[in-house]
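[1] Sequence plus the predicted model coming up.
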Amino acid sequence: MSIDSNVATKRRLDSESESSQDLNKRFKFSSQSISLSQNYKNSIQYIHEITRIQPIKFELISQEGQAHKPTFKFCLSIQILGNEVSFNSIGPSKKVAKLIASLKAISFLIKLPDFFVTEEINYLKCLIDLDLQNHKLDPCLLDENVLSPLPAEESESALVIDIPESQSDEISSQEFDLKTKEIIATKNPLTILNHLLPKKPFTDNLIEESGQSHSKSFKVEIRLNKQKLLESNTQLKCDFSSLTRNNDQNLSLFKDIGDELIFYGIGSTKKIAKSRAAQCLLEILFNIKTSTPESEPAIFDLENEKTGSIFKEFADSISELINKKYKELIGQLSEENEFNPNKFLNVYSGIVQSNGINIKSAKLICLTTGTKCIAGDYMSLVGTSLNDSHAEILAVRVLRKYLFIKLEQFIKNNFVSDIFEVQNEKTLYRLKDNVNFHLFVSSAPCGDSRIFSISDNLTSESLDTHPNRKVRGILRTKIESGMGTIPVRSCEQIQTWDGIMLGERLKVMSCSDKMCKYNVLGVQGALLSQFIEPIYLNSIIIGAFYNKNHLSRALFSRIAECEEDLPSSYKVNKPILSSITNSLQRQICKPSAKSLICSDILKQIEIINCKIGKKNDGSHSEVCQYEMFKIWMSIINLLKEKNINLIAVDGIDQFTYYQAKQMSVDYQKAKFSVYKCFKEKNFGTWLTAPLEQNHFLISSNPQ
């Protein structure tokens with residue numbers, strides 16, 4: 001039996017024509033309100049034509065049932081003003097499952113206020129009825145909840161603009177129209193500005209260009225004419241008088257010079273600088289806060305990112321201060337020593353204390369060098385060896401010793417100090433507000449912050465083009481007698497003392513991972529946490545291999561989620577990240593097996609043999625665990641003499657180092673939250689040194 005294909009085609013076209021005619025009878029189509037073809041289109045075809053929800057994505061979740069009677073489950077994802085909304089559906093075929101998901105999406109969209117005009121809503125309701133009728137579907141299928149609905153406040157008004165409390169009463173009735181909300185959702189300051197001010201009552205000019213050819217800095221101004229702005233009848237979120245009153249607080253961002261308002265932006269390219277100036281204008285005049293990638297801070301704000309020219313000058317001064325001291329120390333040593341930069345690779349680091357970003361108040365706390373870790377068979381059971389002799393880790397240890405000494409002096413001097421202060425008798429001591437600590441490292445910390453290619457034509461503010469690579473953010477470890485790091489996933493196991501003594505390689509967490517932990521727990525460590533509030537680094541300055549995107553991810557962004565679980569005094573610290581104008585050059589030399597520790601708080605300059613974790617003569621360093629435990633015990637006894645019981649525990653003289661650290665309850669909770677966050681995000685499990693290393697008494701005879 002043969003079938004005439006022309007007849008079959010004619011029947012199909014007639015059917016489509018009938019559906020189209022039926023639709024047109026039930027709804028008078030208006031080409032002015034809807035841009036659709038006159039021919040009937042089902043919901044799947046129509047959902048692809050709504051540009052405001054693009055991109056859309058159909059995903060097959062599962063296929064179940066027998067071969068002759070399968071069931072398909074689909075998920076449709078759409079974008080609504082920057083929010084992803086998903087709809088699940090089940091059908092006997094892929095087409096029907098997609099159709100049901102599309103019907104759910106359209107049913108959801110027509111309920112949103114201002115998303116469609118009235119004519120469109122009526123048309124779409126008819127379209128839904130026809131699709132249900134043609135495919136014999138139950139209308140109850142459309143009543144199921146969406147997977148990721150918009151927040152309640154967004155489902156009502158599509159987009160909420162933050163308004164300062166002082167202005168909320170005046171402008172609470174003002175709302176942006178739908179198209180403006182969609183443009184704001186793009187979060188592009190220049191696009192938003194051009195839409196809000198179509199008559200362009202402003203001009204933009206490049207007013208400053210500085211830096212060397214490889215490290216340019218541009219400053220752009222946007223001049224806004226007040227009279228033209230008022231004539232444009234643009235609804236502002238503030239008035240000019242309030243801007244004038246706040247002028248003193250925004251000198252680096254904004255100026256009012258009478259007839260004009262000037263907004264400034266600084267960036268590594270003209271485009272970035274102009275975008276930041278536009279963002280400044282939007283935030284001040286319209287209270288619209290747009291977000292930009294981490295590697296491109298929105299505005300130069302002295303209280304926030306400090307990535308503009310002023311802090312760059314400060315960073316260069318810090319670098320110069322540390323480089324000068326480094327060269328001075330190297331000059332004092334023999335030319336044949338292992339610190340000769342022409343013969344050996346040396347990463348060096350330093351910590352500087354200052355009052356704000358005033359270089360005149362800068363004080364060098366320490367200078368350290370090092371690229372190696374201890375050999376497993378030289379680990380100490382009495383806390384006298386240094387497991388990690390990398391420069392930045394040693395610098396933090398010296399800072400910790402410095403804080404111990406300053407705290408001891410603070411208590412002895414009836415609680416008078418240049419860096420500490422008392423809030424009240426029942427709380428921990430705290431660092432004064434104007435005291436800042438800045439860490440300089442000659443090269444990006446080993447580990448996650450250094451996993452990128454310097455030959456990929458990346459600038460220091462380049463975006464990560466592959467942010468979802470599996471290697472991004474994972475924990476990494478240094479390996480005994482080796483350079484570089486390996487992913488912790490390849491060696492996830494508890495390290496045991498007897499295992500390492502028998503030849504298993506000791507693994508120490510990378511500097512990036514340790515610095516990340518410091519940005520949550522603070523640099524003071526567990527022992528000091530019993531006396532003082534957490535102390536965080538204000539800035540981290542990198543001399544070479546600097547990429548802000550990778551560095552920010554490695555040092556704080558990857559654990560931002562753990563902040564919700566932290567005790568009240570802890571936070572995820574986001575220090576200022578900066579490079580220097582004249583980046584240091586890569587050294588192609590054999591790494592030095594020695595480390596250098598120099599600080600005024602030490603009796604002498606220490607040269608550490610990294611392999612044994614001690615000085616060349618076999619004596620221990622003044623910044624080892626034993627010495628920290630010793631001064632902690634001294635402070636405990638000092639507080640007892642003054643009848644101050646910050647720690648009310650008996651028999652403390654017989655405590656082990658491990659027990660003393662466990663007394664910092666909030667610190668341990670914060671540390672657990674950090675480790676938990678790493679694990680939940682599949683970054684790996686934090687590896688610790690063998691437990692036996694921490695079970696020593698202060699009465700033990702150090703070796």
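    Thanks, I have the structure now.

[2] going forward, measure contacts and count neighbours with C-alpha atoms only.
    Fine.

[3] Now do stretch 659-666: everything it contacts.
    With Cα atoms under 8 Å, 6 or more residues apart in numbering as the test, stretch 659-666 has contacts from Ala526, Leu527, Ser529, Gln530, Pro567, Gln668.

[4] Show me the shaky parts of the stretch 51-200 of the chain.
    51-52, 54, 81-82, 114, 143-187 (pLDDT under 70).

[5] Show me the contacts of stretch 659-666 that map onto helices.
    Ala526, Leu527, Gln668 (DSSP state H).

[6] returning to what we had before: buried ones from the contacts of stretch 659-666, can you make that a PyMOL selection?
    Per 16 or more other Cα atoms under 10 Å, the buried members of those correspond to this PyMOL selection:
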select buried, resi 526+527+529+530+668
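
[7] Tabulate the contacts of stretch 659-666 (TSV), appending distance to Phe108 and pLDDT.
    Formatted as TSV, the contacts of stretch 659-666 follow (distance: Cα to Cα, whole Å; pLDDT from 0 to 100):
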residue	distance to Phe108	pLDDT
Ala526	53	94
Leu527	56	94
Ser529	52	94
Gln530	55	92
Pro567	41	91
Gln668	47	95
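
[8] Show me which pair in the contacts of stretch 659-666 is furthest apart.
    Greatest spatial distance in these: Leu527 and Pro567, 16.8 Å, computed using Cα to Cα.

[9] coming back round to it: I'd like to know which of the ones in helices among the contacts of stretch 659-666 is nearest to Gly473.
    Gly473 lies nearest to Gln668 out of the ones in helices among the contacts of stretch 659-666, by Cα to Cα, at 22.8 Å.

[10] OK, contacts around that closest one?
    So Gln668 contacts Ala526, Gln662 (Cα under 8 Å, 6+ apart).

[11] Repeat that for Glu606.
    Neighbours of Glu606 in contact, by Cα under 8 Å, 6+ apart: Leu596, Ile597, Cys598, Lys615, Ser621.

[12] Repeat the analysis, applying 6 Å as the threshold.
    Glu606 sits next to Leu596, Ile597 when contact means Cα atoms under 6 Å, 6 or more residues apart in numbering.

[13] beta partners of it?
    Ile597 (DSSP bridges).

[14] Could you measure from it over to Ile486?
    Glu606 sits 30 Å away from Ile486, going by Cα to Cα, to the nearest Å.

[15] do the same with Ser595
    Note on Ser595: its distance to Ile486, by Cα to Cα, is 22 Å.

[16] Neighbour count: those two, which is higher?
    Set Ser595 next to Ile486 and count neighbours by other Cα atoms under 10 Å: Ser595 wins out with 28 against 18.

[17] Give me the pLDDT value at the more buried one.
    As predicted, Ser595 sits at a pLDDT of 91.

[18] The one helix or strand it maps to packs against which elements?
    Ser595 belongs to strand 594-598 when elements are defined using DSSP states H and E. For strand 594-598, the packing partners by 3 or more Cα pairs under 6 Å, 6 or more residues apart in numbering; DSSP states H and E come out as strand 363-369, strand 606-609.

[19] what's the closest of the ones you listed to Glu392?
    It's strand 363-369; of the helices and strands packed on strand 594-598, that one is closest to Glu392 (Cα to Cα) at 7.3 Å.

[20] For that closest one, the averaged confidence score.
    Rounded mean pLDDT across strand 363-369 is 95.

[21] do stretch 536-552 as well
    On average, stretch 536-552 scores 91.

[22] start to end distance for that stretch?
    15 Å.

[23] again, but for stretch 207-227
    First-to-last residue span, stretch 207-227, Cα to Cα: 23 Å.

[24] For it, the averaged confidence score.
    Rounded mean pLDDT across stretch 207-227 is 76.

[25] in that stretch, what counts as buried?
    For stretch 207-227, by 16+ other Cα under 10 Å, it's Glu209, Ser215, Ser217, Phe218, Lys219, Val220, Glu221, Ile222, Arg223, Leu224, Asn225, Lys226.

[26] Now do the helix or strand harbouring Gln409: which elements does it pack against?
    Following DSSP H and E, one finds Gln409 within helix 391-412. Helices and strands touching helix 391-412, by 3+ Cα pairs under 6 Å, 6+ apart, are strand 348-355, strand 363-369.

[27] Go through the ones in helices among the contacts of stretch 659-666 and name the one nearest Glu641.
    For the ones in helices among the contacts of stretch 659-666, the nearest to Glu641 is Leu527 (19.3 Å; Cα to Cα).

[28] Not counting sequence-adjacent ones, nearest residue to the closest one?
    Leaving aside its sequence neighbours, Leu527 sits nearest to Lys661 (Cα to Cα, 6 or more residues apart in numbering; 5.6 Å).

[29] cool, and Lys630?
    Ile698 (6.4 Å).

[30] got a pLDDT number for the one you found?
    Reported pLDDT for Ile698: 82.

[31] can you pull out the helices in the stretch 251-400 of the chain?
    Using DSSP state H, counting those that start in this stretch, the helices of the stretch 251-400 of the chain run over residues 270-281, 309-332, 391-412.

[32] from the middle of its chain, how far away would the longest one be?
    Okay, so that is helix 309-332. 27 Å (Cα atoms, centre = their mean, to the nearest Å).

[33] Need the contact partners of it.
    For helix 309-332, the surrounding residues in contact (Cα under 6 Å, 6+ apart) are Ile580.

[34] one more time with 8 Å
    Taking Cα under 8 Å, 6+ apart as the rule, helix 309-332 contacts 217, 266, 339-340, 349-350, 352, 357-359, 364, 367, 440, 541, 543, 578-581.

[35] Show the contacting residues for the residue positioned nearest the centre of the chain.
    Nearest to the mean C-alpha position of the chain, by Cα atoms, centre = their mean, lies Ser557 at 2.6 Å. Under the criterion of Cα under 8 Å, 6+ apart, Ser557 has no contact partners.

[36] do the same with Ile451
    By Cα under 8 Å, 6+ apart, the contact list for Ile451 reads His550.

[37] Angles on the backbone of it, please.
    phi -90, psi 80 (degrees, to the nearest 10).

[38] repeat for Lys614
    phi -140, psi 180.

[39] any idea how far Ser380 is from it?
    Taken as Cα to Cα, the span from Lys614 to Ser380 is 10 Å.

[40] which one of the two has more residues nearby?
    Lys614 (26 against 19).

[41] Quick check: beta-bridge partners of the more buried one?
    Asn609.

[42] Model confidence at it, what's the number?
    94.

[43] so it sits right up against Ser595, yeah?
    No: counting by Cα atoms under 8 Å, Lys614 stays clear of Ser595, with 9.8 Å between them.

[44] Now do the SS call for Gln659.
    Three-state call for Gln659 (DSSP: H, G, I helix; E, B strand; the rest coil): helix.
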